[in-house]
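Q: Just a sequence and a predicted model for now, questions to come.
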Amino acid sequence: MSTKTLKRALTAGSLLALLAGVTLGQEHISAPSNALSTRYVIQDLGVVGPVVGQPFVITANEYVAGLAVVPGGAGSVSHAVYWHGTSLRDISSPGLGGPNSTAFGINVWGQVVGEAENGAPDPNGEDFCGFQALGFTSKADSCLPYLFQDGVMTALPTLRDDSAKSGVNGQAWQINTFGVTVGSSENTTSDTCPAGSQQKFQFKPVVWLKLFPWSEERIHELQTVSGDPDGVAVAVNERGDAAGASGTCGLFNAINLFNLVPRHAILWQYGKPVDLGNLGGDGLFGGIFASGLNNVGQVVGFSDTTNDASFHAFLWENGHMTDLQTLPGDAYSTATAISDRRVVTGVSVDANFNIRAFIWQNGNMQDLNKLVAGTTPLSLQTACSINARGEIDGIAYDPTTGEYHAYKAIPRTIDAD
């Protein structure tokens with residue numbers, strides 16, 4: 001998306017830092033010690049578009065899921081891709097039959113989940129996944145959640161009503177090592193949406209799982225809170241806990257990729273929702289959203305603050321939400337992921353909507369660009385997720401070419417002396 005699009009979306013008061021991340025890794029893998037000074041070697045994963053393509057999540061064995069923007073039709077299209085190491089694979093063709101797709105999540109086995117157009121016009125005229133709204137070449141086909149494995153992309157089921165009629169659209173956001181997948185699905189209940197929205201039906205947070213390895217994927221609806229009609233689950237840990245938000249229908253947001261006004265950040269434990277609270281706001285400006293969690297139940301995201309024109313990254317643990325503030329001089333921030341070692345990644349934004357990737361640990365937020373070992377032409381704009389090795393993925397901008405790159409930041413420790 002263009003810088004103008006980003007600025008418009010931020011001005012409208014919502015930021016999910018272009019992504020939602022989750023740590024997928026094993027705790028036995030050692031990460032750099034806090035007693036040492038950590039610097040990061042930047043590995044360029046290649047161009048993801050003249051407008052913003054992006055990676056979303058990185059696993060402990062260096063799988064990265066994301067999207068790349070490529071020419072298509074009269075303009076450009078979004079292709080679901082994943083990296084293993086520095087090798088890029090495009091999984092968009094044949095996909096589910098449509099031109100656009102995105103890979104939101106991947107696990108250590110290389111199973112990929114996301115959203116994909118199916119080549120059939122949406123019967124209700126919706127642009128659920130927002131490919132049209134994002135400016136891609138699209139006829140607003142129905143957009144379905146999918147699982148990609150063994151070289152094949154398969155649509156996941158959507159919610160059914162009592163008459164066995166299914167919702168038309170959905171998104172799959174993350175998948176853990178055991179194949180538990182979370183996302184959202186339309187149902188068949190009419191929704192009340194603001195003028196200008198193409199959304200016509202409610203959408204609910206969901207989880208997909210198999211009872212047995214040989215059985216079909218089954219979908220289960222997760223509860224929202226405070227009577228909210230809509231919601232999404234965007235992160236899942238190895239215990240099967242999920243994180244996301246519920247709220248009301250809104251205009252499609254080019255930053256968080258939802259039709260949701262997030263009013264309540266939620267952690268689902270054993271399928272039961274826990275309202276995480278807020279930083280003093282009511283969710284009407286930037287929103288209140290949980291975007292990442294680790295394997296010990298700590299959750300991160302963003303929340304409106306008591307200042308009606310500000311939203312900050314938060315860390316929730318043991319029933320308490322902590323304001324992580326921003327980088328010096330900035331106005332907004334959002335956290336995207338947290339490792340089992342309580343290291344948080346995210347984005348900090350100044351009043352002019354310039355964005356910088358940050359890392360937070362031990363009460364200290366630092367600009368990731370200032371922790372780079374050696375030199376790189378890339379400006380690290382987002383820190384999307386962090387794996388068990390402490391490796392970070394994100395989006396970087398190359399001012400010499402005007403192109404956006406996916407990157408991986410690999411930690412190196414040196415004696416503090």
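A: Looks like it arrived, so ask away. Numbers count the residues shown, from 1 in each chain.
Q: The helix or strand harbouring Ala243: partners in the sheet, and parallel or antiparallel?
A: According to DSSP states H and E, Ala243 maps onto strand 242-249. According to DSSP bridges, strand 242-249 forms sheet pairs with strand 230-236 (antiparallel), strand 260-269 (antiparallel).
Q: May I see the ones you listed organised as TSV, with distance to Gly390 and mean neighbour count added?
A: Backbone N, C-alpha and C define where each C-beta goes, glycine included. Shown next, in TSV, are those (distance: least, CB to CB, whole Å; neighbours: other CB atoms under 10 Å):
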stretch	distance to Gly390	mean neighbour count
strand 230-236	18	30
strand 260-269	24	24
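Q: Make CSV from those strands and add distance to Leu222 to it.
A: Rendered in CSV, the data for those read as follows (distance: least, CB to CB, whole Å):
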stretch, distance to Leu222
strand 230-236, 6
strand 260-269, 5
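Q: is it possible to export these to TSV including distance to Thr306 and mean pLDDT?
A: TSV is the format used below for the strands paired with strand 242-249 (distance: least, CB to CB, whole Å; pLDDT from 0 to 100):
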stretch	distance to Thr306	mean pLDDT
strand 230-236	25	98
strand 260-269	16	96
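Q: so which of these comes closest to Pro94?
A: strand 230-236 (26.6 Å; CB to CB).
Q: Where does the prediction get shaky in this structure?
A: 1-36, 307-308, 414-417 (pLDDT under 70).
Q: All the helices of it, residue numbers only.
A: 3-11 (DSSP state H).
Q: of all the strands paired with strand 242-249, which lies closest to Val372?
A: Judging these by CB to CB, what sits closest to Val372 is strand 230-236, at 26.9 Å.
Q: doesn't Tyr404 make contact with Gly53?
A: Yes: using CB atoms under 8 Å, Gly53 is in contact with Tyr404, at 6.3 Å.
Q: What about Ala74, how many residues nearby?
A: 6 (other CB atoms under 10 Å).
Q: do the same with Gly374
A: 9.
Q: which residues does Ala409 contact?
A: Contact analysis of Ala409 by CB atoms under 8 Å, 6 or more residues apart in numbering lists Tyr40, Val41, Ile42, Gln43, Leu368, Val372, Leu380, Ala383, Glu391, Ile392, Asp393, Gly394.
Q: Which among those residues count as buried?
A: Neighbour counting by 16 or more other CB atoms under 10 Å classes Tyr40, Ile42, Gln43, Leu368, Val372, Leu380, Ala383, Glu391, Ile392, Asp393, Gly394 among the contacts of Ala409 as buried.
Q: I'd like to know how far Leu368 sits from Gln361.
A: Per CB to CB, to the nearest Å, Leu368 is found 12 Å from Gln361.
Q: oh, I was asking about Asp44
A: From Asp44 to Gln361 the distance is 25 Å (CB to CB).
Q: With His405 instead?
A: In terms of CB to CB, His405 sits 25 Å off from Gln361.
Q: quick one, which of the two is more surrounded?
A: Using other CB under 10 Å as the criterion, His405 and Gln361 rank with His405 on top: 25 against 16.
Q: how about the nearest residue to that one, chain neighbours excluded?
A: The shortest distance from His405 to any residue other than its chain neighbours is 4.8 Å, reached at Ala396 (CB to CB, 6 or more residues apart in numbering).
Q: Neighbours of that neighbour, how many?
A: 24.
Q: related to what we said a few turns ago, how about the strands paired with strand 242-249, which one is nearest Ser291?
A: Nearest to Ser291, of the strands paired with strand 242-249 and by CB to CB, is strand 230-236 at 6.0 Å.
Q: Tabulate the CA atom coordinates of the closest one in PDB.
A: The C-alpha trace of strand 230-236 is given here as PDB (Å, rounded to 0.1, in the frame of the first residue of the first chain):
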ATOM      1  CA  ASP A 230     -18.100  -9.400  15.400                       C
ATOM      2  CA  GLY A 231     -14.500 -10.600  16.200                       C
ATOM      3  CA  VAL A 232     -11.300 -12.100  15.000                       C
ATOM      4  CA  ALA A 233      -8.600 -14.400  16.400                       C
ATOM      5  CA  VAL A 234      -5.200 -13.600  15.000                       C
ATOM      6  CA  ALA A 235      -2.700 -15.500  17.200                       C
ATOM      7  CA  VAL A 236      -2.400 -18.900  18.700                       C
END
